[in-house]
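>>> could you work out the structure for the sequence below:
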Amino acid sequence: MPNDMDKKSVIIIGGGAAGFFCAANLDKTKFQVKILEQNSDVLQKVKISGGGRCNVTHACFDPKELVNFYPRGNKELLSVFHRFQPGDTMDWFEQKGVDLKIEDDNRIFPESNSSQTIIDTLVNVVHDKGFEVLTKSVVLAIERTGNQYTVTTTSDRYSADYIVFATGSSPKSLKLVQNLGHRIVESVPSLFTFNIKNEFLTDLPGTSFPNAEISIPKLKVEESGPMLITHWGLSGPAVLKISAWKARELAELKYQTEAVVNFLGLDLDDASETFYQFKKDNPKKSIGNSKIFEITTRFWHRILWLSKVDLEKSVSNISAKELEAVVKNLCANVMKVSGKSTYKDEFVTAGGVELKEINFRNMSSRILPDFYIAGEVLNIDAVTGGFNFQACWSEAWLIAEDLNGKL
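Next comes the predicted model:
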């Protein structure tokens, strides 16, 4: 076994998912490794993910299907996922004694329902290898000197044979790598909810719709899935998907646009047909007490209010014009989006290091020798559901494999 003098030095900048997973897969007999983390705690995003349960990955095991969840990076990640995909992630954690479970929506969590399980596993593996984790280490500069890199932090200077840059998407991090010659695609928020100031939505937070649809005609985009009324507007997977796929275009619009909301996920004709059939079968019932569609009574009353229909009116007396108004407000409700709110604490951005400058066979920089880049610092992002972490695990594994094969 080589002594420490014979080992090559690796500095991993960033103590998040990608940084720790890379370290956890590096050969301790070949490398001395330091993880530099600017915050006082490591793996902070892992901690808050999935409401503190850690959405480790997603049960999609076909790389061709998996890449469809990535608005940016889908072409590049195809080869990456052919090498290391969610099944491999599950195997890796289960070999470390972490029991995982696949939930009904295909998201994967630890059986413990605690992100601390994932954090402890990664930290313990890295610690057992004898690698150093240095918190409160803010990197100020990275310079190439001869065949090595010099990394200057607020408290020290380090030399490294190899750099793994996995900082996340903070502007200071992007500036560091830009100063080394990489091109940066400007970052804009992704995965956010829509602020909609509309009297119709007042007092309805928590009302959910399992099969809604939402479109933004100006951007020629439509998404479907669960949707939720919040204190500030609309949220849920249908909204988040649109915000991810059209992150840059929505930023250009300054988050001011019109959305067409279909709370039922039915087309107008089908909804009208359902209403007419109910009218025929229940002529004497009052419209306010009628359960025509799978929505809450409170929401139904709000729709009738918006459609100017008296709650006490019998179903047989609903005019064609009133029926049309109700169906339109349910299935083609035009709303003004006036801003955005970040989805919980799981802040995700579109933007980062230009992907053409990365070799996706091993995540190495095409600009800098012995320099690897992984995680959210790249111009790669995904919709919610464990996909952003999967990109981190896969990219980090490729880096470790490449480094392990060098010596």
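
>>> measure residue 86 to residue 117 for me?
Computed as CB to CB, to the nearest Å, the residue 86 to residue 117 distance reads 18 Å. (Glycine included, C-beta is placed from N, CA and C.)

>>> between those two, who's got more neighbours?
Comparing residue 86 with residue 117 by other CB atoms under 10 Å, the one with more neighbours is residue 86, at 26 against 21.

>>> who's in contact with the more buried one?
Counting by CB atoms under 8 Å, 6 or more residues apart in numbering, residue 86 touches 57-61, 66, 108, 386, 390.

>>> and it, its phi and psi?
Dihedral pair for residue 86: phi -50, psi -30, per degrees, to the nearest 10.

>>> skip the chain neighbours and tell me the closest residue to it.
Using CB to CB, 6 or more residues apart in numbering and skipping the chain neighbours, the partner closest in space to residue 86 is residue 57 (4.4 Å).

>>> repeat that for residue 272.
residue 327 (5.1 Å).

>>> what does residue 268 give?
Once flanking residues are discounted, residue 268 sits nearest to residue 331: 5.2 Å by CB to CB, 6+ apart.

>>> the one you found reaches residue 267, doesn't it?
Yes - between residue 331 and residue 267 a contact is recorded at 6.9 Å, counting by CB atoms under 8 Å.

>>> what about the two, which has more around it?
Shown here are residue 331 and residue 267; by other CB under 10 Å, residue 331 has more neighbours (23 against 14).

>>> wait, what's in contact with that one?
Each residue near residue 331 by CB under 8 Å, 6+ apart is listed here: 262-264, 266-268, 271.

>>> next step: those residues restricted to strands.
Among these, DSSP state E puts residue 262 in strands.

>>> only the buried subset of the contacts of residue 331, as a ChimeraX command please.
Burial among the contacts of residue 331 is assessed by 16 or more other CB atoms under 10 Å; the matching ChimeraX selection reads:
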select :262,263,264,266,271
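
>>> turn the contacts of residue 331 into TSV, columns for distance to residue 286.
TSV is the format used below for the contacts of residue 331 (distance: CB to CB, whole Å):
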residue	distance to residue 286
262	26
263	22
264	21
266	23
267	27
268	24
271	20
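
>>> among the contacts of residue 331, which are in helices?
If you go by DSSP state H, those have 268, 271 in helices.

>>> need the contacts of residue 331 in TSV (columns: pLDDT and distance to residue 144).
TSV is the format used below for the contacts of residue 331 (pLDDT from 0 to 100; distance: CB to CB, whole Å):
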residue	pLDDT	distance to residue 144
262	98	55
263	98	56
264	98	59
266	97	60
267	95	60
268	97	62
271	97	63
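
>>> let me know the closest of the contacts of residue 331 to residue 53.
residue 263 (28.6 Å; CB to CB).

>>> ok, that closest one touching residue 332?
No - with contact defined as CB under 8 Å, residue 263 does not count as touching residue 332 (9.9 Å).

>>> returning to that earlier point: the residue nearest to residue 86: neighbouring residues, count only.
If you count neighbours by other CB under 10 Å, residue 57 ends up with 30.
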